[in-house]
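Peer 1: here's a sequence, model it:
(chains A and B)
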Amino acid sequence: MNYSLTILILLIPFATFLFNGLFGMKLKPIISGLIGTIGLGVITLLSYLTAWQYFFVDGMVNGTFPKIIAMSMDWLHFTDFLTVRIGIMLDPISVMMLVVITTVSFMVHIYSLGYMEGEKGFQRFYAFLSLFSFSMLGLVVATNIFQMYIFWELVGVSSFLLIGFYYTKDSAVAASKKAFIVTRFADLGFLIGILLLSFFTKTFDFKTLTGSDQSIFANAAGVNFMGISVMTWAAILIFMGGAGKSAMFPLHIWLPDAMEGPTPVSALIHAATMVVAGVYLVARMFPVFYFQAPEALNVVAYVGGFTSLFAAVIACTQYDIKRVLAFSTLSQLGYMMLALGVSGYGGEEGVGYMASMFHLFTHAMFKALLFLGAGSIIHAVHSNVMQDMGGLRKYLPITHATFLIACLTIAGVPFLSGFFSKDEILVAAFHHDKLLFAVEFLVAGLTAFYMFRLYFNIFWGKEKHYHHTPHESPKTMTIPLMILAFGSIFAGYIPFHKLVTSDGMPFESHMNFAIAIPSVLIGLIGITVAWVLYKKETTIPERISKGLGGFYTAVFHKFYFDEIYLFITKKIIFNYISRPVAWFDRHIVDGTMNGIGWLTVTSSKKIRNLQSGNLPQYGLVFVLGAIILVLVFAFII
Amino acid sequence: MNILNLFVIIPVLTVIGILFTKDYKGARVTAAVGMSLQLLTAVILVLSFFAQRKAGVHGDFLYLSDYTWFKTLNIHYCVGVDSIAVWMLLLASIVVFAGIFASWQVEYLAREFFISLILLATGVFGFFISLDLFTMFLFYELAVIPMYLLIGIWGSGPKEYSAMKLTLMLMGGSALLIVGLLGLYFYSSSAGPVTFNLLQLSKISFPLAMQRFFFPFLFVGFGILGALFPLHTWSPDGHSSAPTAVSMLHAGVLMKLGGYGCMRVAMFLLPDAAHEMSWIFLILTTISVVYGAFGAIWQKDLKYINAYSSVSHCGLVLFALLMMNKTSMDGAVLQMISHGLMTALFFALIGMIYGRTHTRNIDQMGGLMAVVPFLGVAYVIAGLASLGLPGLSGFVAEMTIFFGSFQHPDTFHRVATIIATSSIVITAVYILRVVGKLLLGQLKEKEYLEFPDAKWYERISLVVLIVPIAMIGFYPTFLSSTVMDALNPIVERLTAML
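Peer 2: Sure, this is the predicted structure:
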């Protein structure tokens, strides 16, 4: 069958963006919101139909899921080999991403009708949401790496616009700027990676790059730079782009600050969709990494592993509930990256790849739920900080129930979706590298601990003094919570090993009890510790943090990475590069020009004395000159 | 009659018309009518040019006509256009049109102002249609002289100093140019009577020694206009003192004459020397690209920021030309067009903002987005175009340049390309800094609340610049492919010499 209708998945959000962007201010806010929401509803439906068609009606061809180009048009012609096309490619991961993005985006659209009600710039918010959805969808269906780069940049700018939505707030402006510049820096790596890759392979197409024919890499064989093969460089640089967007250490600094944006945006962009773009990129390029640049894959694994531990530790100390969730997102993204890094290719070898995509899917559900839940809480108590909360379970029953489900899911409690996907990741890590496995095992415990620290602090403990009695959010906000809670519970039963695999061929996956049981246990330990420490307010946590001393302070300040960032931007770039350049330009380069001008003027002033109009002087000069000339000639001749 | 003559006739008639007007209102209306007709003519030219191409009319240049006006020296008024020149004419018409509306509020000596502005435009149009190098040079000089008056009389700040500096430096460039042009002229005697005709000159292969001698004169002569490091310093001072429309025209179009001349005259006619000496200029342009961008970060005056940004972006034009392959040169032309529109938009906005705040210092502004949303959004669009956001023209141009340049077989060229790509990050830094300080955050002054948003004439000026930026960004296919076709003869001549 043909998938020509998939073009609407891109066109509808773009149309709603243009419409709301150009005419939104003339409409009533609710109309503008509904236009965006209905548009998204339609494409959600279309995405589900496409997924149904792709996986279950058309299914496999010769035992694998094919890569179908549903649409493709030439956009920009570079050379005879390199032409940029804009198109739509359907394969298991892109179809899966369509489902993830449209689902979460649709939920966020509905939720925002309630959450953003009465905000100034409501229409602008919906216009930006549409722009983001368009860009993100264009990114995942890209047929070639250049198209991906195009939409990658668009996603970045939508994120910038949405983080800075409250543009009169200085912290929001700073956060949006930071997010854009850090990711832009990473994108520079991505761009150079594409330059290298396309120079040697003479193609942008994913189908060619990730196909079975490895001869396209022949040109790059034996080309080394600093002892590392050029394809490895290309892969690492491309990964750098992915690491920027997915906020991998040390490019993670923008994500916690990005929480300055409205909470639904955090749920959509900075938890469920945009930040997984980096993971998606590595997954998309996986065969290139695996066959041409295995060292780069190791880098992916270790960066992912380190990020997951690093962020989990910081998450244990933060008080702003959105920041806890942000660090949790970092940690979970680390999981996904690691899973890709340790994965093999084909069949059961590729379990890491499958696990990564699986976790991406389940994480999108439960993390979006957590953020939207957090939004509902913030809506009720008008604060982001844990200390202002406590005992909220009575006031916010639906938020409480769904938030608890999400916490249990992320903690890896059996039979909820997070359990299945996390277990697969641990299995993959165990088979590849025991150290990484140990790290991830520890992170599983930490995750359970910090999530339940959050949970108990918000919903249990002593009631705080609230300005007004907190009340449950309107239906527009609670219904998305319930739908996502449903997703969080049951998404684990989707047979990913049959649908989304490294080579498109299904394989049999078994539950590995030797790993599953201990990982469940460490999760339960984490929950118990949190229960003991935070269910009732005690002084124990304070004493523990005092006991840890300097280490605690360092963690609390996120290991001072923000300070390093400030040092680099403010001091080095601004004061030590730009300022001297500006000075050099004004005083040396321009100074030379002015100097030439000055020299001309001054020397003309001196010379003009010769033209005095004084006849005796002319006569004197004439005679003297004649004598000199005569002498000169006499001497020469 | 040849449609190209209209590009000289309409401005001249407009100037005569303005002479008969009584006050500033009459002057600006006459100017607006004249330049609207001019824009219309340019659109018609584009349509009919590509209709002819589609109908299979070949030949590198169309609408050729020739008239000898100085027989003794064999100087002609010879016109003709290829698709690059057609696009440049359209660009110039758009920018002039927008410039007239951006100077709607000029009241002081308005007639003289509009006359000078349109004379400046005439010079630019004449430059692009000419195929006779002497006539081309004449038109170029015609553009520079009114510039001096425009800055010196209607400018701001240290205007006399800036006007003098700009004019002298550009005249210095002209002095180099005329030497180079005379060199071409006298050496053309090897193939018949001496000539300034570009088409005839392009059939001659000049001896290498002659090329070596004259190439630097031509390249640097045009390069000064294209802000080649270290001869760019007229740009910050000149732009910051110039009135809005002059900055728009100057950065938007006149600076493009530099790149255009480097390509069409210096490199096209003296290809061997171009190959031999490209490395020197490649280093200088790579410096321009990065240095201009870093220079912009530190500035506080909006116009200085934009002037340094132009150094960086125009540096990229020359950089791409020196890569000497079809893709990169295509990128260079796209960048000329894109930067022309973008920077005109910037200067228009800066003028409009200055008209309200009476300051250009970004530290004294803030939160303007809330009071003048139309200007704010337009500024953000200009900024995003400048930092290369897909969907706007800057991205298309920069990517074509980077991917074209990186195809160069030589490692040195590829390394230079990688250095140049770093500008995309630095550009983002200064653009976001300006947007943050100028438009976002809290309002600095209470009185800012009373600012009116864009007036109708300001909106016309902005929209007419934004629309093509977005059109190129969305659908670059046609523009890019037509430019590539026109590059064929130039690239063939450049590569045949290898």
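Peer 1: show me the strands in the chain, by range?
Peer 2: Let's take chain A. Listed in chain order, the strands found in chain A under DSSP state E are A:68-77, A:83-90, A:224-225, A:228-229.
Peer 1: was after chain B, sorry
Peer 2: So, for chain B - with DSSP E - the strands run B:62-70, B:75-81.
Peer 1: just those strands: most buried one?
Peer 2: For the strands of chain B, average neighbour numbers computed from mean count of other Cβ atoms under 10 Å in any protein chain shown are highest in strand B:75-81, which has a mean of 23. C-beta here means a position set from N, CA and C on the backbone, and glycine is covered the same way.
Peer 1: residue 415: neighbour count?
Peer 2: Picking chain A for this. Here the count is done by other Cβ atoms under 10 Å in any protein chain shown, and A:Phe415 has 12 residues near it.
Peer 1: that's the wrong chain, I meant chain B
Peer 2: Other residues within reach of B:Val415 by the criterion other Cβ under 10 Å amount to 11.
Peer 1: what count of nearby residues applies to A:Gly41?
Peer 2: Counted by other Cβ under 10 Å, the residues lying close to A:Gly41 total 16.
Peer 1: where does the chain dip in pLDDT?
Peer 2: Going with chain A. In the prediction, chain A carries residues with pLDDT under 70 at positions A:1, A:537, A:637.
Peer 1: wait, I meant chain B there
Peer 2: Under the criterion pLDDT under 70, the flagged ranges of chain B are B:497-498.
Peer 1: returning to what we had before: may I see the strands of chain B organised as JSON lines, with distance to chain A added?
Peer 2: Compiled in JSON lines, these are given as follows (distance: least, Cβ to the nearest Cβ, whole Å):
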{"stretch": "strand B:62-70", "distance to chain A": "23"}
{"stretch": "strand B:75-81", "distance to chain A": "23"}
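Peer 1: need the winner for burial among the strands of chain A.
Peer 2: Ranked by average neighbour count under the criterion mean count of other Cβ under 10 Å, the strands of chain A are headed by strand A:83-90 at a mean of 21.
Peer 1: could you list every helix and strand in contact with that one?
Peer 2: Applying 3 or more Cβ pairs under 8 Å, 6 or more residues apart in numbering or on different chains; DSSP states H and E, one finds that strand A:83-90 makes contact with helix A:6-23, strand A:68-77, helix A:145-163.
Peer 1: buried deepest among these, which one?
Peer 2: Ranked by mean neighbour count under mean count of other Cβ under 10 Å, these are led by helix A:145-163, which reaches a mean of 25.
Peer 1: and the helices and strands packed on strand A:83-90 as TSV, adding distance to chain B?
Peer 2: As requested, these are exported to TSV (distance: least, Cβ to the nearest Cβ, whole Å):
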stretch	distance to chain B
helix A:6-23	9
strand A:68-77	5
helix A:145-163	4
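Peer 1: got the strands of chain B as TSV, with distance to A:Ala339 columns?
Peer 2: Written out in TSV, the entries for the strands of chain B read as follows (distance: least, Cβ to Cβ, whole Å):
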stretch	distance to A:Ala339
strand B:62-70	60
strand B:75-81	59
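Peer 1: wait, which of the ones you listed is closest to A:Gly121?
Peer 2: Smallest distance to A:Gly121 across the strands of chain B (Cβ to Cβ): 46.8 Å, for strand B:75-81.
Peer 1: how much does that closest one deviate in direction from strand B:62-70?
Peer 2: Regarding strand B:75-81 and strand B:62-70, their directions subtend 170 degrees when assessed with axes from the mean of the first three to the mean of the last three Cα atoms, to 10 degrees.
Peer 1: other residues contacting strand B:75-81?
Peer 2: Residues lying outside strand B:75-81 but in contact with it, judged by Cβ atoms under 8 Å, 6 or more residues apart in numbering or on different chains, are B:2, B:4-5, B:45, B:49, B:61-69, B:89, B:128-132, B:134-135, B:196-197, B:199.
Peer 1: and stretch B:453-473, by the same measure?
Peer 2: Around stretch B:453-473, the neighbours that count as contacts under Cβ under 8 Å, 6+ apart are B:94-95, B:97-99, B:101-102, B:104, B:334, B:337-338, B:341-342, B:344-345, B:348-349, B:352, B:371-375, B:378, B:381-382, B:385, B:389-396, B:479.
Peer 1: quick check on those residues: which are buried?
Peer 2: B:94-95, B:97-99, B:101-102, B:104, B:334, B:337-338, B:341-342, B:344-345, B:348-349, B:352, B:371-373, B:375, B:378, B:381-382, B:385, B:389-396, B:479 (16 or more other Cβ atoms under 10 Å in any protein chain shown).
Peer 1: now the end-to-end length of stretch A:257-276.
Peer 2: With Cα to Cα, to the nearest Å as the measure, the ends of stretch A:257-276 fall 17 Å from one another.
Peer 1: ranges for the helices of the stretch 251-400 of chain A?
Peer 2: Under the criterion DSSP state H, counting those that start in this stretch, helices of the stretch 251-400 of chain A are mapped to A:254-257, A:263-267, A:277-284, A:286-287, A:294-315, A:321-341, A:351-381, A:397-410.
Peer 1: what packs against the second one?
Peer 2: Spelled out, it's helix A:263-267. With contacts defined as 3+ Cβ pairs under 8 Å, 6+ apart, the secondary structure elements packing on helix A:263-267 are helix A:92-115, helix A:321-341, helix A:351-381.
Peer 1: nearest to A:Gly613, out of the ones you listed?
Peer 2: It is, among those and with distance given as Cβ to Cβ, helix A:321-341, at 83.2 Å.
Peer 1: same for that closest one, what does it pack against?
Peer 2: With contacts defined as 3+ Cβ pairs under 8 Å, 6+ apart, helix A:321-341 has these neighbours: helix A:254-257, helix A:263-267, helix A:277-284, helix A:294-315, helix A:351-381, helix A:417-432, helix A:434-459.
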